[in-house]
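[1] How does the following fold in three dimensions:
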Amino acid sequence: MALNKLTYSKSGVNIPKADSFIKFISSLARKSSKSGDFKNIGGFGAISPIPKKLKEPHIVTSTDGVGTKIEIANDLNKFDTIGIDLVAMCVNDLIVQGAKPYLFLDYISVSQINLGKLKNLVRGIVKGCNIAECKLVGGETAEMPGTYTKGKFDIAGFAVGIVEKKKILKNKIKNNDLILAVPSNGLHSNGFSLVRYLIKKKKINLKKNNFLKEELIRPTKIYVKELSNLNEKSLINGCANITGGGLVDNIKRIIPQKLGAEIYLNRIKILKIFKWLNKMGINEKEMLKTFNCGVGFCLIVNPKKLNLISKYFGKQFKPYIIGKIIKNSKKVKLSGKISW
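    Numbering: from 1, shown residues only. As a prediction, the model looks like this:
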C-alpha cells in the first residue's frame with residue numbers, strides 16, 4: 001500500500017465524528033444549570049473557581065465505573081441511563097466523607113464512535129450531574145479499534161467533592177449509635193457479573209423478560225441531596241455506601257477500633273429483585289456478600305436524632321433501624337435471618 005493511502009481513518013479512528021461528539025457534549029454542558037462559568041469542554045484542561053464560603057475546605061476525590069452493567073445496556077440497546085449510574089457510583093462515595101460533589105469528569109473508550117449511542121450515554125451523565133448538583137467539566141473519549149470488539153465500550157468517572165473540615169464524617173461514631181438502612185432502588189451497579197452468569201445458565205431471554213429488563217437497567221439511586229442535608233444539620237455520625245462486598249464489608253470500613261456493628265438481618269426490607277435472585281439459586285451468604293439486598297446506604301446516628309432524620313427522605317427511601325454500634329472487636333455481627 002502506498003504511503004499516501006495510510007491514514008488514521010483507515011485504521012478505524014474517525015476524528016470528524018469525535019469532533020462532532022465534543023461539540024455535542026459542549027452544547028449539552030452549557031445548557032446544564034451546573035455546567036459552571038468556564039467553557040471547559042474541548043480544552044486541554046478544565047478550569048473551575050474554588051468555592052469562597054468555606055473556611056477550611058478539604059478536597060475529596062473518587063473514581064469508579066459501572067462494571068458489567070454495561071453489557072446489560074448493550075444487550076437491551078438502552079444507553080440513556082448508564083451515565084446516571086456512572087455519576088452515582090462516584091458521588092455516592094464522596095458523600096460518605098461528608099463532601100458535596102463539585103466537579104465530574106468522564107472517560108469513554110469505544111471500538112468505534114457511534115454518535116447515537118454516545119449522545120444517549122452523555123445525556124445520562126449530564127442528568128446524573130444535575131441530580132448530584134455538580135458540574136460536568138470535561139473528559140476523554142478514546143476510539144480504540146482492536147482493543148474492543150465491535151459495539152463494545154467502557155466508561156469511568158472521576159468526581160471531586162469539597163467539605164468543610166469540621167463537617168468531615170470521621171471519628172464520630174459512638175457506642176450505642178443506631179444503624180439505619182436507607183433503601184436502594186434495586187441492584188444499583190454491583191453484582192452484574194453474577195446476574196449475567198445466572199441468566200446465561202438459566203437460559204433466560206432478557207429481551208422477553210419485562211421484569212428483568214426494568215430491574216437490571218434501572219439507574220443507581222443518587223443520595224447526594226438527602227445526605228448533604230443531614231450532614232449540614234449534623235444529624236449523622238457516619239455512613240456507608242453499600243456497594244460491592246455488601247453490608248458487612250462496607251460497614252466494616254467505617255467502624256472505629258474497639259467498636260463493632262450488630263446487624264439484625266430479619267429487619268432488612270428485601271426488594272423483589274433480590275428475592276428473585278435468591279429463588280434462582282443464589283444462597284443467602286453469597287447474596288449478602290455480592291449485593292446490597294435492598295440497603296443502598298447505612299447511616300450511623302445518635303438515637304436522640306432518629307426522629308429528625310426521616311423528613312429529609314421521600315417515602316421510597318425512608319431510613320429504618322437495622323442495627324446498632326456495639327463494643328466488639330469482630331467488627332460486624334449478624335443476628336437473625338433474612339425473610340426471603
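
[2] Which residues are in contact with the closest residue to residue 167 other than its chain neighbours?
    Spatial nearest neighbour of residue 167, excluding adjacent residues (CB to CB, 6 or more residues apart in numbering): residue 98 at 4.8 Å. All C-beta spots, glycine's among them, are computed from the backbone N, C-alpha and C. Each residue near residue 98 by CB atoms under 8 Å, 6 or more residues apart in numbering is listed here: 60, 163, 167, 168, 169, 170, 231.

[3] avg pLDDT for the strand or helix carrying residue 182?
    Per DSSP states H and E, residue 182 falls inside strand 178-183. Here strand 178-183 scores 98 as its mean pLDDT.

[4] next one: stretch 327-340
    In the prediction, stretch 327-340 has an average pLDDT of 87.

[5] Also stretch 265-279?
    Per-residue scores along stretch 265-279 average to 97.

[6] And stretch 5-15, by the same measure?
    60.

[7] now stretch 78-87
    On average, stretch 78-87 scores 97.

[8] can you check stretch 213-222 too?
    On average, stretch 213-222 scores 98.

[9] just stretch 148-167 next, same as before
    93.

[10] quick one: terminal-to-terminal distance for it?
    Across stretch 148-167, the terminal residues are separated by 43 Å (CA to CA, to the nearest Å).

[11] just stretch 332-340 next, same as before
    Note: stretch 332-340 ends 21 Å apart using CA to CA.

[12] outside of that stretch, which residues touch it?
    In contact with stretch 332-340 (CB under 8 Å, 6+ apart) are residues 247-248, 251-252, 255, 260-268, 270, 275, 278-279, 284, 287-288, 293, 326.

[13] do the same with stretch 323-330
    173-179, 255, 258-264, 267, 300, 333.

[14] Buried residues in that stretch, which are they?
    Neighbour-count burial for stretch 323-330, counted by 16 or more other CB atoms under 10 Å, picks out 323, 324, 325, 326.

[15] residues contacting the residue lying closest to residue 172 once chain neighbours are set aside?
    Spatial nearest neighbour of residue 172, excluding adjacent residues (CB to CB, 6+ apart): residue 237 at 4.1 Å. Taking CB under 8 Å, 6+ apart as the criterion, residue 237 is in contact with 169, 172, 173, 174, 177, 300, 301, 302.

[16] among those, which ones are buried?
    169, 172, 173, 177, 300, 301, 302.

[17] Outline the domain layout of the chain.
    For the chain, automatic domain parsing gives the domain ranges 11-44+54-167, 178-207+217-335.

[18] Which strand or helix spans residue 220?
    Judged by DSSP H and E, residue 220 forms part of no helix or strand.

[19] still on that earlier bit, out of the domains of the chain, which is closest to residue 5?
    domain 11-44+54-167 (11.6 Å; CB to CB).

[20] can you map out the strands along the stretch 1-150 of the chain?
    57-65, 100-110, 135-143 (DSSP state E, counting those that start in this stretch).

[21] In a markdown table, list the ones you listed along with distance to residue 47.
    Output for these, formatted as a markdown table (distance: least, CB to CB, whole Å):
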| stretch | distance to residue 47 |
| --- | --- |
| strand 57-65 | 16 |
| strand 100-110 | 11 |
| strand 135-143 | 8 |
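
[22] can you tell which of those is closest to residue 153?
    Between those, strand 100-110 lies closest to residue 153; by CB to CB that is 4.3 Å.

[23] now the helices for the stretch 151-300 of the chain?
    For the stretch 151-300 of the chain, the helices defined by DSSP state H, counting those that start in this stretch occupy 192-201, 210-217, 224-232, 246-252, 272-279, 284-290.

[24] can you tell which of those helices is closest to residue 48?
    helix 224-232 (17.8 Å).

[25] quick one, the closest one and strand 100-110 angle?
    Counting by axes from the mean of the first three to the mean of the last three CA atoms, to 10 degrees, helix 224-232 lies at 150 degrees to strand 100-110.
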